[in-house]
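K.L.:
Fold the following for me, if possible:
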Amino acid sequence: MDHADSQPLRLIGYWAGSTAPDWPDPKNFVDATWDRLERETIADYLRCGFIHRAFGGLSTCRFCGRENGALELSDGVWLWPDGLAHYVDDHDVRLPAEFVDHALEYLEKLGDADRDVAWWRAQTSPASGKPR
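P.N.:
Sure thing, here's the model as predicted:
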């Protein structure tokens, strides 16, 4: 991968705190009317990100004080703290439409993708049955 051509990961779900007072306040994102199925789908998407980085300390939820993880997760476009799903699930935090649309489009493409079984089958040598 040529990193010179890659786009920076877009941060989402980092909240205002004592060391970052100018970041968004999660209370401004609460929407109890957000469609339950869409909310659950987005929370699941957030939990399934790739681990980008791990930290030594735990963040705490800005609502309930729960320890909320020490990882950053990514889908290759966006970057978020692993506790973001907790905000969506437990505190009705609705993420911006640009992120939600991205996640739903990605999941739809994945669900509609054809499966290529030939490549995997070809990895076994017919004579020995062992991997090539």
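
K.L.:
ok, and what's touching stretch 97-108?
P.N.:
Stretch 97-108 is contacted by residues 12, 38, 41-42, 45, 75, 77-78, 94 when judged by Cβ atoms under 8 Å, 6 or more residues apart in numbering. All C-beta spots, glycine's among them, are computed from the backbone N, C-alpha and C.

K.L.:
try stretch 12-24
P.N.:
25-26, 46, 62, 78-81, 83-84, 87, 95-96, 99.

K.L.:
That stretch: which residues count as buried?
P.N.:
12-15 (16 or more other Cβ atoms under 10 Å).

K.L.:
now the protein, which segments are flagged as low pLDDT?
P.N.:
Counting by pLDDT under 70, the low-confidence segments of the chain come to 1-5, 125, 127-129.

K.L.:
can you pull out the strands in it?
P.N.:
10-11, 50-54, 71-74, 78-81 (DSSP state E).

K.L.:
out of everything not next to it in sequence, what's closest to the residue positioned nearest the centre of the chain?
P.N.:
Among the residues of the chain, the one closest to the centroid is Leu46, at 3.1 Å (Cα atoms, centre = their mean). Distances taken as Cβ to Cβ, 6 or more residues apart in numbering place Ala85 nearest to Leu46, at 4.1 Å, with adjacent residues excluded.
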